[in-house]
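# Sequence isn't available, so here's the structure alone:
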């Protein structure tokens, strides 16, 4: 469903929800895309089916190692108002792992990171502040210098 | 809400020196939160790369988002211009995988209702299994370790007694029931998508909530939650169980049991 197609009051509640007030964050520099190592973060509530599901409000993530069997990925996102049929048919609709590997093969990016990350997007962003610092440390240790973040 | 989450994470990671780029499905949120780099896409919620089984289109979206990494003149908010591709024109029109039961039938005995839902599930299982087989073996109905029969008994049991035993004690009971509800929905949706012709997620929601006994059970569950004296339960039900465009189907609270 498109946000503007949602019935009221749901549309208004979604579009007018309270937002954090961020100061401007300067952009970090880096090499051309062809020399970058890319990691992905999806907030579709993705995790391996062997792992516990997401609980709303908890600042947590699930590691998705690049060699994960993609058939094991499921979602436990709490929200009922987004399309799930796209990811049921093709996980690349939310987590384009096959497309990223194709870009690596064609040389459009240098490499795919060792790990990707599943978050549950309904969690208040402030729950992720400390966790993001640890995440950044791990990503840098792997040589990551580009992060794609995709919501649902 | 996800545009809020990815925008926040982008700020936090970029402050640590990691270049980020965001796919934003809710443009006004990205405009307000101003992550360092964002690509606003005019797609449905739940489809940040546009459409399933459309690799060329997905690759274009991905490359356009990644190309923003090379810029440092943020905050950058770029619009992706194109709508996602339509499903193949050769696809047949969709038809329901099973005939709709008479959901207004005499189910005053909850055991009669749960037995009828279990029969519905048995009828749908071949379609669901076919869909899973044709989609790499991914089973979206594996959030809980419960069987579908156990899930039906749990949901019906919870409607009758909100203090029943929790089969997943690591979680609050209402959360366990929510996970079970999603496993049930995902089973039906995978069955509904098997051999699918043209169908949208909204049409599939219409089928599940309007024409299946399991959908009817979820509506009754929401009604039960909403009649709770616990404000947290009511809020949980309001936000998590039934899509906004199906909310009109939720029965009045005294119809829940």
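Perfect, thanks for sending it. Here the structure is a predicted model, which means the values were calculated and not measured.
# now the helix or strand that contains residue B:31: mean pLDDT?
Taking DSSP states H and E as the criterion, residue B:31 maps to helix B:27-33. The average of the pLDDT scores along helix B:27-33 is 95.
# Next: stretch B:7-23.
Per-residue pLDDT over stretch B:7-23 has a mean of 97.
# buried set for it?
Within stretch B:7-23, the residues that count as buried by 16 or more other C-beta atoms under 10 Å in any protein chain shown are B:7-16, B:18-23. Just so you know, the C-beta spots here come from the backbone N, C-alpha and C atoms, and that holds for glycine as well.
# thinking again about what came up before, and the next helix or strand past the helix holding residue B:31?
By DSSP H and E, the next helix or strand past helix B:27-33 is strand B:37-40.
# Now do the buried residues in that following strand.
B:37, B:38, B:39, B:40.
# Run through the neighbouring helices and strands of it.
Where contact means 3 or more C-beta pairs under 8 Å, 6 or more residues apart in numbering or on different chains; DSSP states H and E, strand B:37-40 is packed against helix B:2-15, strand B:20-24, helix B:27-33, helix B:55-67, strand B:76-79.
# Parallel or antiparallel, list what pairs with it.
If you go by DSSP bridges, strand B:37-40 pairs up with strand B:20-24 (parallel), strand B:76-79 (parallel).
# Which one of those strands lies nearest to residue A:20?
Across those, residue A:20 has its closest neighbour in strand B:20-24 (14.7 Å, C-beta to C-beta).
# what is the orientation angle of that closest one with helix B:55-67?
Calculated by axes from the mean of the first three to the mean of the last three C-alpha atoms, to 10 degrees, strand B:20-24 forms an angle of 130 degrees with helix B:55-67.
# Which stretches in the chain count as helices?
Chain wasn't specified; assuming chain A. A:10-15, A:85-89, A:97-106, A:129-141 (DSSP state H).
# was after chain B, sorry
For chain B, helices defined by DSSP H occupy the ranges B:2-15, B:27-33, B:55-67, B:110-134, B:148-160, B:173-193, B:201-211, B:213-226, B:231-240.
# For the longest one, list every residue counted as buried.
This means helix B:110-134. Using 16+ other C-beta under 10 Å as the test for burial, helix B:110-134 gives B:110, B:113-114, B:116-118, B:120-121, B:124, B:127-128, B:130-132.
# closest to residue A:133 among those residues?
Nearest to residue A:133 out of the buried residues of helix B:110-134 is residue B:132 (C-beta to C-beta; 39.1 Å).
# OK, contacts around that closest one?
B:138, B:139, B:190 (C-beta atoms under 8 Å, 6 or more residues apart in numbering or on different chains).
# What's the local residue count around the first one?
Burial measure for residue B:138: 21 neighbouring residues, criterion other C-beta atoms under 10 Å in any protein chain shown.
# Confirm for me that it is in contact with residue A:75.
No: contact criterion C-beta atoms under 8 Å: residue B:138 and residue A:75 do not qualify, at 10.6 Å.
# on that earlier part again, any chance of the helices of chain A in JSON lines, plus mean neighbour count, mean pLDDT and distance to chain B?
Shown next, in JSON lines, are the helices of chain A (neighbours: other C-beta atoms under 10 Å in any protein chain shown; pLDDT from 0 to 100; distance: least, C-beta to the nearest C-beta, whole Å):
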{"stretch": "helix A:10-15", "mean neighbour count": "15", "mean pLDDT": "82", "distance to chain B": "4"}
{"stretch": "helix A:85-89", "mean neighbour count": "24", "mean pLDDT": "95", "distance to chain B": "4"}
{"stretch": "helix A:97-106", "mean neighbour count": "16", "mean pLDDT": "98", "distance to chain B": "5"}
{"stretch": "helix A:129-141", "mean neighbour count": "16", "mean pLDDT": "96", "distance to chain B": "3"}
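# measure the closest residue to residue A:125 other than its chain neighbours to residue A:41 for me?
Using C-beta to C-beta, 6 or more residues apart in numbering or on different chains and skipping the chain neighbours, the partner closest in space to residue A:125 is residue B:8 (2.7 Å). Between residue B:8 and residue A:41 the computed distance is 11 Å (C-beta to C-beta, to the nearest Å).
# In contact with the closest residue in space to residue B:83 that isn't next to it in sequence, which residues?
Of all residues not flanking residue B:83 in the chain, residue B:42 sits nearest, at 6.2 Å (C-beta to C-beta, 6+ apart). Taking C-beta under 8 Å, 6+ apart, we find residue B:42 in contact with B:79, B:80, B:83.
# Can you say which of these are buried?
residue B:80.
# between the contacts of residue B:42, which is closest to chain A?
Nearest to chain A among these, counting by C-beta to the nearest C-beta, is residue B:83 at 10.5 Å.
# Just the closest residue of the stretch 51-200 of chain B to chain A, please.
residue B:52 (3.5 Å).
# Quick one: closest of the helices and strands packed on strand B:37-40 to residue A:90.
Taking C-beta to C-beta, helix B:55-67 is the member of the helices and strands packed on strand B:37-40 nearest to residue A:90, at 8.3 Å.
# Check which residues of that closest one are buried.
B:55, B:57, B:58, B:59, B:60, B:61, B:62, B:64, B:65, B:66, B:67.
# Below-threshold pLDDT in chain B: ranges please.
Where chain B drops to pLDDT under 70, the residues are B:1, B:88-90, B:100-107, B:196, B:252-257.
# Mind splitting it into its structural domains?
B:2-79, B:110-255 (automatic domain parsing).
# Just send those back as JSON lines, with distance to residue A:30 too.
Shown next, in JSON lines, are the domains of chain B (distance: least, C-beta to C-beta, whole Å):
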{"stretch": "domain B:2-79", "distance to residue A:30": "5"}
{"stretch": "domain B:110-255", "distance to residue A:30": "34"}
